[in-house]
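Enquirer: Sequence and predicted model, in that order:
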Amino acid sequence: MLHNIPNPLTYWRAWITVMGPLLLLPIPLLASEENQEAIWCMYTILVMAVYWIFECLPLAITSMLPLVLLPIFGVASTAEVSLNYLNATNMMFVAGLMMAIAVEHCGLHHRISLNIISFVGTSQKLLMLGFMTCTMFLSMWISNTATTAMMVPIVDAISEAVNNPDEVDVDDMESKKETKSRSKSHEVSRNFLLLSCAYASNIGGTGVITGSPPNLVVLSTLNKDYGDGNAPLSYASWMAFCVPLMLVNCFLAWLWIMVLQAIETRGEPARTSDQDAKIKKVILQKKEALGKMSMHEWQVLILFIILVILWFFKTPVFIPGWGDFFKKDTMRETREDYKSEWPTKVTVSSATPAVFIVALVFMLPREYNSKKSSPALLDWPTVEKRLPWGVILLLGGGFALADVTKKSGLSLYLVKQLEGLKSLPLLLVNFIIALSTTMVTEVASNTATANILVPILSQMSKSLCANPIYLTLTAAVTCSYAFMLPVATAPNAIVFGASTMRTTDMMKAGFIMNVICVITTWGAINTYGVPMFGLSEFPAWADTTGATDCFTSNTTSLPSPIVGPL
C-alpha cells in the first residue's frame, strides 16, 4: 500500500511556492508600526528572491509580482510601480536588443566569428584563444545566449574534423546527426572548447554597459539616486574601466582552461599537423559558404558602428559630448498649471540614439533595386520571435523594486542594520561584496541579484562615506561571473547540454574562475578605477541633501594607484 502514497518531494516547487510567502509572513506582521512600509517592501523582495532562486514561476512572471504585492500592502500605487517597467534605461536595452537581432538576422555574427577564429590561428592553443576572443567580442554586442548557441555547431564541426581520419566535408557533416565515437583526448578537447565559449560569453557581457542587464542597473540606480548624468559613469567611462578588465579575465580564463586540459590529457598524443590542416579546411569551407558580404550585412554593420559611436560620445566625460548640446530648460515653470514634480530640464539619454538607429533599420531596404521593392533590414515578426521579452520584464521588475526600496525606507533601514561594516576597512568591504555577489549569482539570476543589491549598496555608500560607484560597479560586474553551475547562466546551460561534462567538473573549474575574476575586479577598482572615477574621496554629486559630514572626515581611505606609502 505504501507504494501508492505520492512522494511529497515530487512537488517540491509547488510546496515552496505556497509555503515560502507564508513562512516569511511573520517578518512584516511583527514589525514596528513606523517601519511597516519598509518591512512590507522587504517581504516583497524576499518572496521574489525565493521565487527567482527556485524558479517557482517563470522569471518574467515573478518580476511582475510588485504590481500585485506592493499596492495590496499599501507600499506604492499600481500606477507608480508600473512606470518603472519601461523607463529610459529599459528602452535603451530594448533598442540595443533589436540591433543585436538585426545583426543575427543578416548573419553578420557568423562572418565575424569565422574571420576572428581564422585570424588567431588553428593550433590547439590558438584555436581555443580564437574561440574565446570571438565569443567575448560578440557577447559584448549581442545576447550571450545567441553567441554561445552559435558557437556550438562550429565547435562540433572542428571536433569532428580532428576526430575523423578521412577528409571532411562540412555539408555532409552537418547533414548527418550521428558522430563517430571520440577518443578521450578529443572528447576532453571538445568539452574544454565548449567551456571556454561559456566563460568568454559571461565575461564578454561586462565589456559595455548594454552587454548585460546588471550593467544597466548601476546606470539606472545612479541616475535615480543622484540625478540624471551627475555621476561620471557613461558608456565611454564604463568601457574604459571594463574592457581592460574583460581582456585580462578572458586571457586568464584561457590560461586556466589550458592548464586543466593539460592535466586531463596527460599521456595522450598531441594533435598532428594533418589535424590542424583539417581544421583550417573546415573554417575555410564555412567562410566560402557565406560568400561575399551582402548589402544587407554592410548596412547593418555601418549602422551598428554609428550607434556605438553615438553612445560613446554622448557624454564621454573626458570631453564635452554631443548630448550636452541638447540640454535645455523648459518653460513649464511659467505655466499656471505647473506642478513641482514636473521636470524642468530636458536631457537626451542613450535610448534616443538607439531608437533612432533602430528606426533606420526598419526603414532601409536590404537591396537597392529600381525594378522591385525590397524588404527592410529587419521586420517586426522577426523581432517578435527573437526579442527576449522575459528579460525586459525582469529588468523592469527590478527597477520597480529598486524604486520602492528607497521610497518605503527599506534601503535606509538596511543601511542602519549594516552599521557594523563601518568598522571594517573599505577595501575589505568591497572584497566581501564582490565575493558574496559572485556566489549568490550562481543560484539566482544575475539581473535579479543586481536589482536587489545595487540600490541598497548605493545608499550604504553614503553611510560609509564612499563613492557610490565604488560598491555598485563592483557588484554589477561580479554579477556576471557565474562559472560554476549549469543553471547559473544560459551559456553554461547550453554548453553543459552539448558536452559530456559532469556538474562536478564544471563546479571545480568554475570555482577557481570565480575567485580569479573577483580578485581581478577588486584589483581593477582599487587601482586604475580610483583616478578614473575619483574614488579616493566622497564626491559632491553624491551629497544630494547637503547634510552629510563625509566632507569633513576622510573615511574613504583608498590607496593611491600610483604612489604607495614611503
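Expert: Alright, I've got the coordinates.
Enquirer: now the helices for the stretch 151-300 of the chain?
Expert: 170-175, 184-204, 213-226, 235-264, 273-290, 295-312 (DSSP state H, counting those that start in this stretch).
Enquirer: So which of the ones you listed is nearest Ala488?
Expert: Among the helices of the stretch 151-300 of the chain, the nearest to Ala488 by CB to CB is helix 184-204 (8.6 Å). Bear in mind the C-beta positions are built from the backbone N, C-alpha and C, glycine included.
Enquirer: which helices and strands sit right next to the closest one?
Expert: Here helix 184-204 touches helix 124-141, helix 144-163, helix 235-264, helix 490-498, helix 503-525, going by 3 or more CB pairs under 8 Å, 6 or more residues apart in numbering; DSSP states H and E.
Enquirer: Direction-wise, compare it with helix 490-498 and give the angle.
Expert: Using axes from the mean of the first three to the mean of the last three CA atoms, to 10 degrees, the direction of helix 184-204 lies 170 degrees away from that of helix 490-498.
Enquirer: For helix 184-204, buried residues please.
Expert: Under the neighbour-count criterion of 16 or more other CB atoms under 10 Å, helix 184-204 has 185-204 buried.
Enquirer: quick one, what contacts the residue nearest the centre of the chain?
Expert: Geometric centre of the chain, nearest residue: Ser212, 2.3 Å, by CA atoms, centre = their mean. By CB atoms under 8 Å, 6 or more residues apart in numbering, Ser212 lies in contact with Asn144, Gly205, Thr206, Asn446, Cys479, Ser480.
Enquirer: let's go with 6 Å and repeat that
Expert: Residues near Ser212 by CB atoms under 6 Å, 6 or more residues apart in numbering: Gly205, Ser480.
Enquirer: Could you give the backbone dihedrals for it?
Expert: phi -150, psi 140 (degrees, to the nearest 10).
Enquirer: Mind pulling up the pLDDT for it?
Expert: For Ser212, the pLDDT comes out at 87.
Enquirer: Of all the helices and strands packed on helix 184-204, which one is nearest Ile61?
Expert: Closest of the helices and strands packed on helix 184-204 to Ile61 is helix 490-498, at 17.9 Å (criterion: CB to CB).
Enquirer: quick one, that closest one and helix 124-141 angle?
Expert: 140 degrees.
Enquirer: Tell me the buried residues in helix 490-498?
Expert: Result for helix 490-498 [16+ other CB under 10 Å]: buried residues Ala490, Pro491, Asn492, Ala493, Ile494, Val495, Phe496, Ala498.
Enquirer: Export those to TSV and append columns for distance to Met42 and pLDDT.
Expert: Listed next are the buried residues of helix 490-498 as TSV, based on distance: CB to CB, whole Å; pLDDT from 0 to 100:
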residue	distance to Met42	pLDDT
Ala490	29	80
Pro491	32	87
Asn492	30	88
Ala493	31	85
Ile494	35	86
Val495	36	89
Phe496	35	87
Ala498	40	84
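Enquirer: Output these as TSV; include the columns distance to Ser294.
Expert: Output for these, formatted as TSV (distance: CB to CB, whole Å):
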residue	distance to Ser294
Ala490	29
Pro491	29
Asn492	34
Ala493	33
Ile494	28
Val495	31
Phe496	35
Ala498	30
